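Visitor: Predicted structure and sequence below. I'll ask about it afterward.
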Amino acid sequence: MSDTTSQSSLTEKLLQRAAPGRAEFEDLVVVPIFAVIVALIVGAFIMLATAVDITTIGRSYVALLQGSLGSLNAVSETLTAAIPLVLAGLGLALGFRAGLFNIGAEGQVVVGGIAAVIVGFSMPGLPWIIHMPLALLAGAVAGGLYASIAGYLRAATGAHEVISTIMLNLISYRLLDYMLGLSWMQRPGRSDPVSKSVVSSAELPRLLTDIDPNLRLHAGIFLMIAAVIVVYWLLFKTKTGFEFRASGENPYAARYAGIRASLIIVLAMGTAGALAGLAGANQVLGVLDRTTPGFSAGIGFNAISVALLGRSHPIGVLFAGLLFGALEAGGRQMQVDAGVSIDLIGIIQSLIIVFIAAPLLVRAIFPWGFARPAGRRE
Amino acid sequence: MDVELRGITKRFGPVTANDNVNLTIRAGEVLGLLGENGAGKSTMMNILSGLYAPDEGEILIDGKPVRFEGPGDGIAAGIGMVHQHFMLVPVFTVAENVILGVEPTGRLDYLDIATARRQVRDINEKYGLQVNPDALIEDLPVGIQQRVEILKVLFRSAEVLILDEPTAVLTPQEVEEFFGIVKSLRDAGKAVVFITHKLHEILAISDRINVLRGGRITGEGDPKSLTENQLAEMMVGRPVSFDVARGPFKPGDTLLEVNDIVVLRDNDEVAVDHVSFHVRSGEVVGIAGVQGNGQSELIEALTGLMHVSSGEIDFLDNDITHASVRERHRLGMAHIPEDRHKSGMIGNFTIYENMVLDSYYEDRFSNGPNIKWPEVLRTAAQYAIDFDVRTPSVYLKADNLSGGNQQKMVVARELERVTKLVIASQPTRGLDVGSIEYIHGRLMNSRDEGDGVIIVSSELDEIMSLSDRVLVMFDGRIVAEFDAIAGPLDKNAIGLAMAGVAA
Amino acid sequence: MIHTSRLLGGVAVATALLFGSISSAAAFTACQVTDTGGIDDAGFNQTAWKGVEDAMKEKGIDGRFLESQAETDYEANLNSLLGGDCDIIITVGFLMGDATKAAAEANPDQKFSIVDFAYDPVIPNVLGQVFATDQGAFLAGYLAAGMTKTGTVGTFGGINIPPVTIFMNGLAYGVAYYNEKHGTDVKVLGWDPEAKDGLFTNNFESLDDGRTFAQNLYDEGADIVMPVAGPVGLGSAALAAELGTDKLKIIGVDADQYQTDTEKQNVYLTSVLKRMDSTVQAVIQQAMDGTFKGGVTVGTLANDGVGLAPYHAFEDAVPAELKDEIEKIKAGIIDGSIKVGG
């Protein structure tokens, strides 16, 4: 009797989750926050060095805050910019978890956008309840298939996905240029590369136009929230997610455990590409209404930063995407109000990544923000 | 040169790694330092080499107190470490590696490689190391690479050599040769500290033995008068049994039938050369052999990790020659892999995730696409208790466990499945006595319950104490078979077969 | 965490107190959204911005600009100006046509003016500014045909859109007119006005492309090249500076690039002027004095909305009779006796 009681209490003890480590909290929350602060301070020094006076610097940071959070329009712009970054970032995070460094999100965004715009303009008359999901699906499928090419090449021939996805990016740009010149794709009456516009039944409806017609926030936000939940579920609750993570952490152990590496590679690439394709479809159906050369606007590359900043965790990616969206929206206001170049926002974004990648540096700058002194002791 | 540690104490936060340690190292003597993993051996040696500063106590060299400020100070004072993990540049020659960092240079930074080679040759001859100074490291076997590490510290004029688990990577033959080198170093007046947890080795080579447990010196003695059992008790803190308890031998039906299989390595070399054997229920088959004679490939072929070029494997009357890893699992094959870090576990995963690494898909742990995590957690905790995996929580990352507990985690996972055949490759490599005893007991349990067991080990003693039948592999073939049931095994005959001498 | 949020909050409040009260001193604010070439492209965007700058100097108004980094920024940039206090929003570039239209229709009380776009039907709160740059380019083409030693003139564009190709049309027709007058056979590479097809970089940013395209044209025999691609042309100018002007000369567009690209000013044979600065300034004036009306204004040789820049470094190299001919043609275009193309 006593034996079973002591056993069950032992089980209880083992099932106690160790209090979320202070170290973990610092890594996930404190370091990123400080990294943002340091980046803003260094950004200020850069402005100083380029002969921007102090009042302008102060005004530009106030504008950064106002332009990202200061009004309903600012919040709407922040969210609008964040949606595609989060979607594509989720795809990249998923790939990173599976050990795949997918540089090709940009190309997958492009291909997804192309597919979505074609479905979007070529099927007028469909009810929106069918048309819009169909266009989104087309984007996801196209992005997924496109990324699967790199996955298949990796699985079948060992061709490294970094190289093949970069090449697929370049191919996608040219594919877009070429397709925008095709008569059935090009907008009638235009000689420059611009596609037909999607019909309204395929559009992601704008949500806040009743309040102010300039508010651009659209239904893609629901897509984004759903994607965060689905990716979280996939990664941490399912067998497939377990296989992704196992393959990413230790491919030998995954093989030993009977996980089929080649299948996982193709599957993970495909899922990652589908999310990036969805990001492209979201831009086309929710923001741009059409495709032009360069409509992807570096979303796929910024999403790499978002995924890294979010530590490849769906919730982290959500917050990182919102931060980048805020910087984009706020950066515009910064230029309008203070006349500071928008390039500075790019610098600040990059600095944040640099400081996140160097947590020891951040710890050294803000020793009081951390429980333990920097540096590990054995 | 004599070195003395007096009252050394080193704390890491709440953990006291060394607690008032006193130790004397004398010239012309081999000091054996014995202790389980985590007993504080490495901390002590790192203090000696200058990497850590002690919190209390002092180090005396030839009676004079010294203070080491950094990692370079140890070697400068004549104390050289030979680490378990080699630090050599694979594409450099032996001579280049030896002089790396202390290159003899002439005018204008001219690298005087000729002088270096001569010096390396001199050291070579003096201690009988027999290393070609012009060989590339990547072409040398592990045993020779280790000698290059020794050359390195000798080249830096070390008088005290600390050898950290030096035999862990060596084959039995290499161990013999290595002991010869240690003796010649001692006879030349060097002081040698030999760190290990292998009892028979420490008895064979040491002049004096110190035992460390929980950061303290718990025993000191003369190898001539001590037995392995006494040493083990000092090391573990309780009596340890080396005799594996086993039930009567009751072999049942044949489970596994291997018929004339050939396995090729990536470079098309023949690794397994027309091998046939069988394993019955309730039987332990040991596969002995010097490492690199095809045992690893044979196991990988049996478990589905390597392709079988010709021949056939039958398991429970199914042809599994080309079956997937997963199919073999499902049929009841358990596999404890030879390198747990590389393939047996995922260090960055939690214990509970590792506990279901190859069974997460089974119905008991999953429901449609979902994994039943509460069930996994409960089971993992149960496994941890059943297999004595010592951890505060199953949420801990596997990397944070000690080697012995990691291995027990792997063994738990494999044996807690419904098994018919257990394939254990180097099941106790690098483990301390307590864990070895435990794992051996568990494997015998499986046998007594009617499983077939295959054990591959480079430790001949392990094979002999566990096996009902011993197969010896040499150069990809099974060259001899010994029956342990008929009578006691002849260690000498097995050793000869391992060396390729026809019986 | 608590530290940080407090710190952040504190900084924000302090800065807001310090600078928040600063508001625009001027009564009138003109805002401009540039195209992707950027505000300092030594041409198109810069010339349009000069109009605002001139108005700031002469009329004491406030001016702001917002650079577009990609086509996807147009709408967002317009949006962030709408929230502010812009009395007029000037968008620069044909490609912004859709975005400007959408914003103007959603905000009927806001005045807009767009460079290089004319809406049909007219939007009541948008004034389009278009330019008959083919007239200026016609003169440049005639000049180039008279100056080429290889008998080949080259051109390339940014994107195949009317405000770009109109330059290339003018150049081609000018060369053809010279051939007709003088019985020569000067060829134009990079644009075929009949097929409406030619060389395009497909961007308005890459100086590398400008260099490569000019190199290709040079390799094909052209010794005078007119890039119509904003700052892309600066790359072509760099190539010309390296090769030497005896091998390759450049015809600038939009601004007088002898003035704006001062480092390499000597490579410009001339520039085809598109006086957006004067039209922009005029539009601002109209908005200020209440005469602003939706519709189109067209810049021509006649109203000095387009023109040909001085020859500057080549003043002595251009033969006097060629100069005279060009002056006569200009007069002919203005009075309608000479038709550009068609």
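Guide: All right, it came through fine. Computed from a prediction, not measured in an experiment: that's the story for all the values here.
Visitor: For chain B, which residue gets nearest to chain C?
Guide: Minimum separation of chain B from chain C (Cβ to the nearest Cβ) falls at B:Tyr395, amounting to 23.3 Å. All C-beta atoms are positioned from the backbone trio N, CA, C, and that covers glycine.
Visitor: Identify each buried residue in the one helix or strand C:Val175 maps to, please.
Guide: Per DSSP states H and E, C:Val175 falls inside helix C:162-182. Buried residues in helix C:162-182, defined by neighbour count with 16 or more other Cβ atoms under 10 Å in any protein chain shown: C:163-179.
Visitor: burial of B:Arg208, as a residue count?
Guide: 16 (other Cβ atoms under 10 Å in any protein chain shown).
Visitor: residues touching it, list them.
Guide: B:Arg208 sits next to B:Glu29, B:Val30, B:Leu31, B:Gly32, B:Glu220, B:Gly221, B:Asp222, B:Pro223 when contact means Cβ atoms under 8 Å, 6 or more residues apart in numbering or on different chains.
Visitor: tell me the average confidence for the helix or strand where the second one lies?
Guide: Assigned by DSSP H and E, B:Val30 belongs to strand B:29-35. The pLDDT scores in strand B:29-35 average 90.
Visitor: Provide the strand pairings for it, with the direction of each partner.
Guide: strand B:191-196 (parallel), strand B:208-213 (parallel) (DSSP bridges).
Visitor: looking at those strands, which is buried most?
Guide: Highest mean neighbour count of these: strand B:191-196, a mean of 24 (counted as mean count of other Cβ atoms under 10 Å in any protein chain shown).
Visitor: Now do the same for that strand: mean pLDDT, whole number.
Guide: On average, strand B:191-196 scores 90.
Visitor: Below-threshold pLDDT in the chain: ranges please.
Guide: You didn't pick a chain, so chain A it is. Low-confidence segments of chain A, defined by pLDDT under 70: A:1-7, A:17-24, A:371-378.
Visitor: look at chain B instead
Guide: B:13-14, B:38, B:104-109, B:111, B:169, B:171-172, B:502-503.
Visitor: ok, now with 50
Guide: Applying pLDDT under 50 to chain B flags residues B:503.
Visitor: hmm, back to that, is the helix holding C:Val175 in proximity to chain A?
Guide: Yes. Under the criterion of Cβ under 8 Å from any Cβ of the partner chain, chain A is reached by helix C:162-182 at C:Pro162, C:Thr165.
Visitor: where's that helix relative to the chain centroid, distance-wise?
Guide: Per Cα atoms, centre = their mean, to the nearest Å, the displacement of helix C:162-182 from the mean C-alpha position of its chain is 18 Å.
Visitor: host element of B:Ile181?
Guide: Going by DSSP H and E, B:Ile181 is in helix B:172-187.
Visitor: moving C-terminal of the longest helix seen in chain A, what's the next helix or strand?
Guide: Using DSSP state H, we find that the single longest helix of chain A is helix A:128-157. Once the chain leaves helix A:128-157, the next helix or strand it forms, by DSSP H and E, is helix A:161-179.
Visitor: Next SSE downstream of that next one?
Guide: Taking DSSP H and E, what comes next after helix A:161-179 is helix A:220-237.
Visitor: That following helix: which residues count as buried?
Guide: Quick answer for helix A:220-237 (16+ other Cβ under 10 Å): A:Gly220, A:Ile221, A:Leu223, A:Met224, A:Ala227, A:Val228, A:Val231, A:Tyr232, A:Leu234, A:Leu235.
Visitor: Show me what it is packed against.
Guide: Using 3 or more Cβ pairs under 8 Å, 6 or more residues apart in numbering or on different chains; DSSP states H and E, the elements in contact with helix A:220-237 are helix A:72-97, helix A:239-249, helix A:261-283, helix A:314-338.
Visitor: For the residue of the stretch 51-200 of chain C found nearest chain B, which residues are in contact?
Guide: Scanning the stretch 51-200 of chain C for the residue nearest chain B gives C:Thr72, at 36.4 Å (criterion: Cβ to the nearest Cβ). Going by Cβ under 8 Å, 6+ apart, C:Thr72 touches A:Gln283, A:Val287, A:Leu288, A:Gly294, A:Phe295, A:Ala297.
Visitor: just to revisit the earlier point, skip ahead from the strand holding B:Val30 and say which helix or strand is next.
Guide: helix B:41-48.
Visitor: helix, strand or coil for the closest residue to B:Ile99 other than its chain neighbours?
Guide: Setting aside the residues directly before and after it, B:Ile99 is nearest to B:Ala116 in space (Cβ to Cβ, 6 or more residues apart in numbering or on different chains), at 4.5 Å. Here B:Ala116 takes the helix state, with states given by DSSP: H, G, I helix; E, B strand; the rest coil.
Visitor: shouldn't B:Ala116 be in contact with B:Asn97?
Guide: No. Look at B:Ala116 against B:Asn97 with Cβ atoms under 8 Å: they stay out of range, at 10.3 Å.
Visitor: Who has more neighbours out of those two?
Guide: B:Asn97 (25 against 21).
Visitor: element containing B:Gly219?
Guide: If you go by DSSP H and E, B:Gly219 is part of strand B:216-221.
Visitor: buried residues in that strand?
Guide: Neighbour-count burial for strand B:216-221 [16+ other Cβ under 10 Å]: B:Arg216, B:Ile217, B:Thr218, B:Gly219, B:Gly221.
Visitor: would JSON lines of those with distance to B:Glu449 be doable?
Guide: JSON lines is the format used below for the buried residues of strand B:216-221 (distance: Cβ to Cβ, whole Å):
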{"residue": "B:Arg216", "distance to B:Glu449": "40"}
{"residue": "B:Ile217", "distance to B:Glu449": "42"}
{"residue": "B:Thr218", "distance to B:Glu449": "37"}
{"residue": "B:Gly219", "distance to B:Glu449": "38"}
{"residue": "B:Gly221", "distance to B:Glu449": "40"}
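Visitor: domains of chain B?
Guide: Domain assignment for chain B, taken from automatic domain parsing, gives B:3-236, B:254-498.
Visitor: Likewise for chain C?
Guide: C:26-131+C:277-299, C:133-273+C:311-335.
Visitor: Tabulate the contacts of C:Thr72 in TSV, adding columns for neighbour count, secondary structure and distance to chain B.
Guide: Converted to TSV, these look like this (neighbours: other Cβ atoms under 10 Å in any protein chain shown; DSSP: H, G, I helix; E, B strand; the rest coil; distance: Cβ to the nearest Cβ, whole Å):
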residue	neighbour count	secondary structure	distance to chain B
A:Gln283	30	helix	30
A:Val287	21	helix	33
A:Leu288	24	helix	35
A:Gly294	20	coil	38
A:Phe295	25	coil	35
A:Ala297	18	coil	35
